[in-house]
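*Asks:* Output the structure for:
(2 chains)
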Amino acid sequence: MEFAELIKTPRVDNVVLHRPFYPAVEGTLCLTGHHLILSSRQDNTEELWLLHSNIDAIDKRFVGSLGTIIIKCKDFRIIQLDIPGMEECLNIASSIEALSTLDSITLMYPFFYRPMFEVVEDGWHSFLPEQEFELYSSATSEWRLSYINKEFAVCLSYPPIVIVPNSIDDEAVRKVATFRHGGRFPVLSYYHKKNGMVIMRSGQPLTGTNGRRCKEDEKLINATLRAGKRGYIIDTRSLNVAQQARAKGGGFEQEAHYPQWRRIHKSIERYHILQESLIKLVEACNDQTHSMDRWLSKLETSNWLTHIKEILTTACLAAQCIDREAASVLIHGTEGTDSTLQVTSLAQIILEPRSRTIHGFEALIEREWLQVRKAGHPFQQRCAQSAYCNSKQKWESPVFLLFLDCVWQILRQFPCSFEFNEHFLITLFEHVYASQFGTFLGNNESERCKLKLQQKTMSLWSWVNQPSELSKFTNPLFEANNFVIWPSVAPQSLQLWEGIFLRWNRSSKYLDEAYEEMVNIIEYNKELQAKSI
Amino acid sequence: MEHIRTTKVEQVKVLDRFSTSNKSLTGTLYLTATHLLFIDSHQKETWILHHHIASVEKLALTTSGCPLVIQCKNFRIVHFIVPRERDCHDIYNSLLQLSKQAKYEDLYAFSYNPKQNDSERLQGWQLIDLAEEYKRMGVPNSHWQLSDANREYKICETYPRELYVPQIASKPIIVGSSKFRSKGRFPVLSYYHQNKEAAICRCSQPLAGFSARCLEDEHLLQAISKANPVNRYMYVMDTRPKLNAMANRAAGKGYENEDNYSNIRFQFVGIENIHVMRSSLQKLLEVSGTKGLSVSDFYSGVESSGWLRHIKAIMDAAIFLARAIMVENASVLVHCSDGWDRTSQVCSLGSLLLDSYYRTIKGFMVLIEKDWISFGHKFSERCGHLDGDPKEISPVFIQFLECVWHLTEQFPQAFEFNEAFLLQIHEHIHSCQFGNFLGNCQKEREELKLKEKTYSLWPFLLNDQEKYLNPLYSSKSQRLTVLEPSTVSFNFKFWRNMYHQFDRTLHPRQSVFNIIMNMNEQNKQLEKEVKDLESKIKQRKNKETDGVPTKELLHSVHPESPSLKTSLCFKELPVNDALRTIEGSNSADNRYSDYAEAFSKSEPAVVSLEYGVARMTC
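*Replies:* Next up, the predicted model:
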């Protein structure tokens, strides 16, 4: 076993674990291939099980022969281990470092994890595109399933089955693919049953500097418009950035060639700018000694909430085009893998009550973020490191966390409109960065196929969707409604997501107790109602 | 009324303050002796009390009419557009007159008539009895006595008649000390901690200058420290920044010299003065009232206003006070300059941390009566009840309410009351509808004969108690606990529900709080009915033959009592539906202006799109 080579010291006694708001625990530290375990021996409840893949960075320091390792996790937790003996400490540190940065995905825990629960419903098969389409096809005949991409023949970046306008044949689709970044031709993302309007997403058009056009592309998206109606193209880049993209062969839709479409530019940041924002925010939250002025200024300069506001605003804009203007929308940025997905999925949260249920939200993540993996959201790259990393790789970016934060902001404003609770969102965040499940592994479809994720790993949804687990994620206040829910995006209405960013920095004892009391009241209410009827 | 020239103006428009589009509501504006009333086309009424008006502004004439902007002390801001300039001018002038009264007798409280007779009125005023409160604390006792020195307001005009001082403090000592304290406000008891036998005392700054001393004052402080049998050391907390206190020495005032007083530990805690607080709030409101505010302008504005820094400073001072008593068992003497602003904040908050009684609805009223009203916080001047010196206005009491709100956020189960209670109290310190907050000290209130001519607010709040109950309140688990809040900066947040209480578009659309509150109410009702049912079953069981299992009986009883069943259904039907309605689904809702901007910027041609209305769509 290769892990054995990496583990120089598998076990150290008399290690002291320090965590904020908990008393220090002394116990035995064990290293396994995937976990760091601390057991106090006297009392089995006082144990720490930490996935190596959750470790973002470590620091070590020595006072005499007592070594201290500070472990910074991707979920922003910071723990400290005091290890007697310099050699042991150094060994542990280097083992952790090696184990937490394994290159090969197949060595990661999901490939070794054996579930202790019985799989009732296999999450890998819970969300098939055909099923999704059935939901639409009952309402409209304007769209069809296309198997054109069966062998990834047209577009390496799309799943084998896609939904395209009925009136466009596969030949035309093939041509359109050559005109869009990464072959990502416009596909259906969301169908608004109320008025038949749609959200489509794609890659940027490859107009280049000489303004190339593609008749089939125009025809394809025009096919989604009603007679005499206009549509909106939302480009998630500023006009400036979009113009610059032309030099690299990209670009945006020219008014002259798309007269029935209005183009709106928004500027949602991407890549390392977001990562830096996260690093600054977490740093600000972790320092308890900040004066008020310094805290507020750090919070402001992190720009995190600015990004939240920008993303939410764009999503509301898209939803507004659909619901208020009765106009179809095409959304893209450059590749259509990051900000595009944030916008399309949030617009659905706003418009579609189903996506606010647990199952519907899972389906949304599968549909928008996972099944278009190849140039869908590259989780492996984006989430390789978190707030404590200093590698500054361009592709590391908390895009999905921002999406979850936006969902949380809407959840806070509409606390009865979601079937899931905050805990569900936090759990998703954790599993995106470090998990025993294969759901968020890999960057692309071919990688995914090669890895045989479906055969070799367990889907997160298989675990989440067990009744015993589901109850923890269920919002006791939920009452289904069919409303379109419009969140406020004013700065006074947006808040720091304390459940994520202050989670390890303050005691939540009183808040947890209050939540429990609330649940009790609701349960009691149900009980009384049942009794009296 | 001589000030009212126009009583009714039609076709008046109201603009949303945060909207960038020109979407507006049209309606009719009425001017009464006490209120400005706007009724929109949906018959929705907006009442604005004249006393709530902080400023009226007439802006330059526009094509649609004459804009009139009214800013209220309860943070409501309304932007009217009056079609004819003359009407606007009339209303403007009337409001200027009506919102600033010169005499107390012209305030609303003197004309407000809630249809109560004199004995009810008197009962209302007797609801809060401070002598009772001191008894509850355990004074008088062997260490503390009731002093009659100020019975005729001879020693200190701004103190109440009844004051508690150490048993060994004789009248000459009190008189001597009072001459050495600013405005005669000598050290007296504010709160007595029965278990610790330690006291919170309050006073104003000593007239120490650079070298003056007063033996009687030194004796009085010593008497306070001796009244604590456990710890002879006492703290003297000067709540001002050191620099301010030092500057006061040049004016013959200042702070205690530790060398002259035995057994004291002197401590500055650095809360800024009323002027700093006034401009801080002003800046905060300017920022939060900006149209199209960006996140970073908001946070840098909140930062530069300093408001949350001040709130934290007050909270830190209160925690220092509570710790001195709990951890060191020491008595504490608190003062600032005159001892009626910062001192009231710190003493009352400290007591609130220490004593769970003050976290109940009744207890909170008592606390306000004791540390604010009776000890002479100058409500009328600080709230600008009368047309007076604008430099005397300051949000000192609002800061106290905000600190309490922050505590309720950290300890959601520790308070019997909810946020609405705090907002309602805030409403009424400015409304001049009740007598409680009129005047600046007890002597003045007696002279105004408030108890005969006006009503007390407290019985009305108690009457409406269920609106102000915190459904999560747990009297058991937190009854005895001392609150130890964290004052790490990230715990302090902008109090949106106070400063934007009328800007519904900024609020969450569904309120967890309201749902739980209603559910709690419903539970109580259901409980009662289940009990009734069960007792009926019991009765029947007794009558009928033995041996019939209760469960069967329950089934047999039910069909026989259809009246009961229907009444139940009837009562609970509305709850689930009404509980979770989504608020603010009216047409005045303009929050989408934010997104509309995007249209207007990139594509001027699309501006005609109307995004003003956030109608809920099914």
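*Asks:* Quick check: which element contains A:Phe429?
*Replies:* Using DSSP states H and E, the element containing A:Phe429 is helix A:422-433.
*Asks:* Which strands and helices lie in contact with whichever helix or strand comes after that helix?
*Replies:* Downstream of helix A:422-433, the first helix or strand assigned by DSSP H and E is helix A:445-451. Helix A:445-451 sits against no helix or strand, with contacts defined as 3 or more CB pairs under 8 Å, 6 or more residues apart in numbering or on different chains; DSSP states H and E. Bear in mind the C-beta positions are built from the backbone N, C-alpha and C, glycine included.
*Asks:* how about the strands of chain B, start to end?
*Replies:* B:8-15, B:24-31, B:35-40, B:45-49, B:53-58, B:66-72, B:77-82, B:144-147, B:163-166, B:188-193, B:198-203, B:234-238, B:264-268, B:331-335 (DSSP state E).
*Asks:* ok, which stretches of the stretch 201-350 of chain A are strands?
*Replies:* Secondary structure of the stretch 201-350 of chain A (DSSP state E, counting those that start in this stretch): strands at A:231-235, A:261-265, A:329-332.
*Asks:* Looking at the ones you listed, which is nearest to B:Lys179?
*Replies:* With CB to CB, the closest approach to B:Lys179 among the strands of the stretch 201-350 of chain A belongs to strand A:261-265: 73.5 Å.
*Asks:* for the closest one, the distance to its chain's centre please.
*Replies:* 27 Å (CA atoms, centre = their mean, to the nearest Å).
*Asks:* cool, and stretch B:469-485?
*Replies:* Mean-position distance between stretch B:469-485 and its chain equals 19 Å (CA atoms, centre = their mean).
*Asks:* For it, buried residues please.
*Replies:* For stretch B:469-485, the neighbour count (16 or more other CB atoms under 10 Å in any protein chain shown) marks B:Leu469, B:Asn470, B:Pro471, B:Leu472, B:Tyr473, B:Ser474, B:Gln478, B:Leu483, B:Pro485 as buried.
*Asks:* Let me know how buried the closest residue to chain A within the stretch 101-250 of chain B is, in neighbour terms.
*Replies:* Of all residues in the stretch 101-250 of chain B, the one sitting closest to chain A is B:Pro241 (14.7 Å; CB to the nearest CB). For B:Pro241, the neighbour count with other CB atoms under 10 Å in any protein chain shown is 17.
*Asks:* isn't it right next to B:Glu272, touching?
*Replies:* Yes: B:Pro241 lies in contact with B:Glu272 (CB atoms under 8 Å); the separation is 6.7 Å.
*Asks:* Show me the domain layout of chain A.
*Replies:* A:3-102, A:129-520 (the TED database).
*Asks:* Present these as a markdown table; the columns should include mean pLDDT.
*Replies:* What follows is these, written out as a markdown table (pLDDT from 0 to 100):
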| stretch | mean pLDDT |
| --- | --- |
| domain A:3-102 | 89 |
| domain A:129-520 | 89 |
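*Asks:* Just name the most buried of those.
*Replies:* Most buried of the domains of chain A, by mean neighbour count (mean count of other CB atoms under 10 Å in any protein chain shown): domain A:129-520, with a mean of 20.
*Asks:* And it, how far out from the chain middle?
*Replies:* Relative to its chain's centre, domain A:129-520 lies at 8 Å (CA atoms, centre = their mean).
*Asks:* Break down the stretch 1-150 of chain A into its helices, ranges please.
*Replies:* Per DSSP state H, counting those that start in this stretch, the stretch 1-150 of chain A carries helices over the ranges A:2-6, A:86-100, A:129-137.
*Asks:* counting contacts, what elements does the last one pack onto?
*Replies:* Helix A:129-137 makes packing contacts with strand A:143-146, strand A:162-165 when contacts are defined by 3+ CB pairs under 8 Å, 6+ apart.
*Asks:* export these to JSON lines and tack on distance to chain B?
*Replies:* Listed next are the helices and strands packed on helix A:129-137 as JSON lines, based on distance: least, CB to the nearest CB, whole Å:
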{"stretch": "strand A:143-146", "distance to chain B": "23"}
{"stretch": "strand A:162-165", "distance to chain B": "24"}
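*Asks:* Out of the ones you listed, the one nearest A:Leu225 is which?
*Replies:* strand A:162-165 (10.2 Å).
*Asks:* Identify the residues contacting stretch A:304-312?
*Replies:* A:266-269, A:274, A:277-278, A:280-281, A:299, A:339, A:342-343, A:346, A:402-403, A:405-406, A:409-410, A:487, A:489, A:491, A:494, A:496, B:294-296, B:299 (CB atoms under 8 Å, 6 or more residues apart in numbering or on different chains).
*Asks:* So which of those sit within helices?
*Replies:* Using DSSP state H, the members of these that fall within helices are A:274, A:277-278, A:280-281, A:299, A:339, A:342-343, A:346, A:402-403, A:405-406, A:409-410, B:295-296, B:299.
*Asks:* about what we covered before: out of the domains of chain A, which comes closest to B:Gln194?
*Replies:* domain A:129-520 (25.4 Å).
*Asks:* filter the buried residues of stretch B:469-485 by proximity to chain A?
*Replies:* When contact is defined as CB under 8 Å from any CB of the partner chain, the buried residues of stretch B:469-485 meet chain A at B:Pro471, B:Leu472, B:Ser474.
*Asks:* Now for the closest residue to the last one other than its chain neighbours: which residues touch it?
*Replies:* This points to B:Ser474. Nearest non-adjacent residue to B:Ser474, counting by CB to CB, 6 or more residues apart in numbering or on different chains: B:Gln413, 4.3 Å away. Contacts for B:Gln413 (CB under 8 Å, 6+ apart) come out as A:Tyr510, A:Glu513, A:Ala514, A:Glu517, B:Asn470, B:Leu472, B:Tyr473, B:Ser474, B:Ser477, B:Gln478.
*Asks:* is it fair to say the first one lies in a strand?
*Replies:* This means A:Tyr510. No: the assignment for A:Tyr510 is helix, going by DSSP: H, G, I helix; E, B strand; the rest coil, so no strand is present there.
*Asks:* That one contacts B:Phe411, doesn't it?
*Replies:* Yes: at 5.2 Å, A:Tyr510 and B:Phe411 qualify as touching, with contact defined as CB under 8 Å.
*Asks:* could you measure the most centrally placed residue in chain A against chain B, distance?
*Replies:* For chain A, the residue nearest the mean C-alpha position is A:Phe400 (2.9 Å; CA atoms, centre = their mean). Counting by CB to the nearest CB, to the nearest Å, the gap from A:Phe400 to chain B is 21 Å.
*Asks:* Next, the buried residues of the helix ranked longest in chain B.
*Replies:* The longest helix of chain B (DSSP H) is helix B:512-543. Using 16+ other CB under 10 Å as the test for burial, helix B:512-543 gives B:513-520, B:522-523, B:525-526, B:529-530, B:533, B:536-537, B:541.
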